[in-house]
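A.B. asks: Build me a structure from this.
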Amino acid sequence: MAKEDKKQTKTAKKKSTLKVSANGKVFVSATFNNTLVTITNDKGDTVAWSSAGASGFKGTRKSTPFAATTAVESVAKKAVDAGIKTVEVYVKGPGSGRDAALRAIKSAGLSISMIADVTPMPHNGPRAQKKRRV
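C.D. replies: The predicted structure follows:
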């Protein structure tokens, strides 16, 4: 008779408890199609994140300011529960969720100590297309 192999059940990994001080950083990436929000602690370890798509919006509604507000509210609630009180905000991208995200951070109870625009800008960039002849 063969031995009965007992399969070990996989236990869910415990979420590592991050050391969270009162200060944190908020990274908002506002593209034309979506708005991504990540809140980190001082070291840069992610405390909470969300996006307009993760908040339940699909298609063109993801790119609206209301979708960005909803995403920021959900992630800010998690961050406040973790113990973050003041944040530095880094905004990247040309999307319509930029201003809405800032207003939502303020209304969620987080105090903003700094706002920085970190949108990448090309310093000359690739070669331009040839001039159009009409």
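A.B. asks: from here on, contacts and neighbour counts on C-alpha atoms
C.D. replies: Noted.
A.B. asks: At the geometric centre of the protein, which residue sits there?
C.D. replies: Val37 (1.5 Å; C-alpha atoms, centre = their mean).
A.B. asks: Let's verify that one: helix, strand, or coil?
C.D. replies: Here Val37 is strand, with the state taken from DSSP: H, G, I helix; E, B strand; the rest coil.
A.B. asks: what sits against it?
C.D. replies: Contact analysis of Val37 by C-alpha atoms under 8 Å, 6 or more residues apart in numbering lists 26-29, 49-51, 71-72, 75.
A.B. asks: any idea which of the residues you listed is closest to Arg103?
C.D. replies: Distance to Arg103 across those (C-alpha to C-alpha) is lowest for Val72, with 9.4 Å.
A.B. asks: Double-check that Thr119 belongs to a helix.
C.D. replies: No. Under three-state DSSP, Thr119 falls outside any helix and is assigned coil.
A.B. asks: isn't it right up against Val91?
C.D. replies: Yes. Here Thr119 lies in contact with Val91, judged by C-alpha atoms under 8 Å, at a distance of 7.1 Å.
A.B. asks: Give me the more crowded residue out of these two.
C.D. replies: The neighbour comparison of Thr119 against Val91 (other C-alpha atoms under 10 Å) goes to Val91, with 22 against 13.
A.B. asks: Given the helix or strand encompassing the more buried one, what are its sheet partners and their directions?
C.D. replies: For Val91, the element it lies in under DSSP states H and E is strand 86-92. Here strand 86-92 has these sheet partners by DSSP bridges: strand 23-30 (parallel), strand 111-117 (parallel).
A.B. asks: Ranking those by mean neighbour count, which comes first?
C.D. replies: Comparing these on average neighbours per residue, with mean count of other C-alpha atoms under 10 Å, the densest one is strand 23-30 at a mean of 24.
A.B. asks: any weak-confidence spans in this protein?
C.D. replies: 1-16 (pLDDT under 70).
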